[in-house]
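S.K.: sequence-free structure coming up:
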């Protein structure tokens, strides 16, 4: 009789363990599904934000190129170099730049086509002398780190330079199309 009680108790414990394990497995599967849905949602949000930032970056680079072309046409120095001099120089630069843009709006149609900027040409000539890091390029052209990074990304995207991204900072080298761009 004792054996029957032990056998019944063992069967009850095993049944309870199976029920608990089944419940835990069901809960685990539902959590995995929720995590999968959350991961897909987060990836979709990330892809959307990333693509929007790419569009904004492209617009900023385009505007910077147009600003640089206009500055070189009208003989202005860049506003960032004037910021280092004095507040009065900043005010004068803002006034003269806005006057220049007004005259451009009157003198030309709505769209300006930026061929190559003076800074791009300078950078490509530097790279034709040998590979350089973005920090070295920044020092030689006298632009901010951000400006140099955007410029180098634009040159890389256009296939005018290649970058060795095995180490940071990247080391840039001019391509054959970059050499022909400088030669033209």
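M.R.: The structure has been received and is ready for your questions. Everything quoted here is computed from the prediction, not taken from an experiment.
S.K.: okay, and for this structure, where does confidence drop off?
M.R.: When the per-residue scores of the chain are filtered using pLDDT under 70, the ranges that remain are 75-116.
S.K.: Outline the domain layout of it.
M.R.: The chain breaks down into these domains under automatic domain parsing: 2-107, 118-183.
S.K.: distance between the ends of the last one?
M.R.: Between the opening and closing residues of domain 118-183 we find a distance of 14 Å, counting by Cα to Cα, to the nearest Å.
S.K.: Now do it: distance to the chain's middle.
M.R.: On the basis of Cα atoms, centre = their mean, to the nearest Å, the separation between the geometric centre of domain 118-183 and that of its chain is 16 Å.
S.K.: can you pull out the helices in the chain?
M.R.: For the chain, the helices defined by DSSP state H occupy 2-74, 79-83, 87-107, 118-129, 134-141, 145-157, 176-183.
S.K.: got those as TSV, with distance to residue 170 columns?
M.R.: In short, each C-beta sits where N, CA and C put it, glycine included. Output for the helices of the chain, formatted as TSV (distance: least, Cβ to Cβ, whole Å):
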stretch	distance to residue 170
helix 2-74	17
helix 79-83	22
helix 87-107	32
helix 118-129	12
helix 134-141	6
helix 145-157	8
helix 176-183	15
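S.K.: and residue 169, which of those is closest to it?
M.R.: Residue 169 lies closest, by Cβ to Cβ, to one member of those: helix 134-141, at 5.4 Å.
S.K.: What separation do you get for the residue nearest to residue 117 when sequence neighbours are not counted and residue 121?
M.R.: Using Cβ to Cβ, 6 or more residues apart in numbering and skipping residues adjacent in sequence, the residue nearest residue 117 is residue 68, 4.4 Å away. Between residue 68 and residue 121 the distance is 11 Å, computed by Cβ to Cβ, to the nearest Å.
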